[in-house]
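Enquirer: coords please:
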Amino acid sequence: MRYVARPTPLDPGSAPSRSSIGGHPFLPADAPWPVCPESGKPMVLFFQLDVPEGTGVAVRPGSHLLVFMSPAVNEIDTFERAKNGAPLPDGFWRARLPHFKVMLFGPEVELVAHPDEDAYLVPQRLDFAPEAEPDDPFLFIGGEPRWYQDAEAHPGFGFLCQLSENYPFARKAEAPVQPDTFSKKAYCLFLGNAAYFFAREAPRDPEDVWIALQN
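Expert: Sure, this is the predicted structure:
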């Protein structure tokens, strides 16, 4: 069953949401806000989510996914760490380009809302509801991925969620315009490619998440 995200604007001063675009990231208390090593700027919190009950994904319900990327370096990684269908090498995430960070924490990890709010994106709460065949979801958890090209897979990794192609993340009025994007009013993630996130039932590291990009 797919669980589809529906964004709702957050009122100023409202409580932080664990499933959101922008807003306050939920991280371990000792974890710093990720910083782009190339620009020295705090990364953009594109989205975060709690995995709901009933999705059927391998990841345990209550696990928390966060997706950050630099506001100044708008490039993609090839993510080609192994041939399609072959096992991924141990520690594959260490070879990623450093201008983005994807983290998945299990439900047993205590997370707290960071005191700072993301400076770039209009904060929106994400509510997830089951839909058997949603028409055009921008983000969904579970079910089968909607591949733009040939399906991709690696042993031990199950489908978690998909971000659709060219989704415009609304920019705060005071935030700088993102470089190399399709809109001066919005940011895009991974140059607007559709992003597919896969994970193990028990990740070996918070960054032990495989990502495929297609368009």
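Enquirer: mind listing the strands for the protein?
Expert: 2-9, 20-21, 26-27, 44-50, 64-69, 100-105, 112-113, 124-131, 139-141, 158-163, 169-170, 186-187, 194-199, 209-214 (DSSP state E).
Enquirer: of all those strands, which lies closest to Asp90?
Expert: Comparing the strands of the chain against Asp90 with Cβ to Cβ, the closest turns out to be strand 209-214 (12.9 Å). The way it works is simple: take the backbone N, C-alpha and C, and place the C-beta from them, glycine included.
Enquirer: who's in contact with that closest one?
Expert: For strand 209-214, the surrounding residues in contact (Cβ atoms under 8 Å, 6 or more residues apart in numbering) are 65, 76-77, 79, 81, 88, 92-93, 102-104, 147-149, 152, 154, 157, 160, 165, 190, 193-199, 203.
Enquirer: low pLDDT regions in this structure?
Expert: Applying pLDDT under 70 to the chain flags residues 133-134.
Enquirer: find the one among the strands of the chain with the highest mean neighbour count.
Expert: Comparing the strands of the chain by mean neighbour count (mean count of other Cβ atoms under 10 Å), strand 20-21 ranks first with a mean of 26.
Enquirer: contacting residues around that strand?
Expert: Outside strand 20-21, the residues that touch it by Cβ under 8 Å, 6+ apart are 7, 10, 45-48, 121-126, 169-170.
Enquirer: dump the strands of the chain to TSV, plus distance to Pro37.
Expert: Formatted as TSV, those follow (distance: least, Cβ to Cβ, whole Å):
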stretch	distance to Pro37
strand 2-9	30
strand 20-21	24
strand 26-27	18
strand 44-50	15
strand 64-69	13
strand 100-105	11
strand 112-113	25
strand 124-131	28
strand 139-141	27
strand 158-163	24
strand 169-170	22
strand 186-187	19
strand 194-199	22
strand 209-214	19
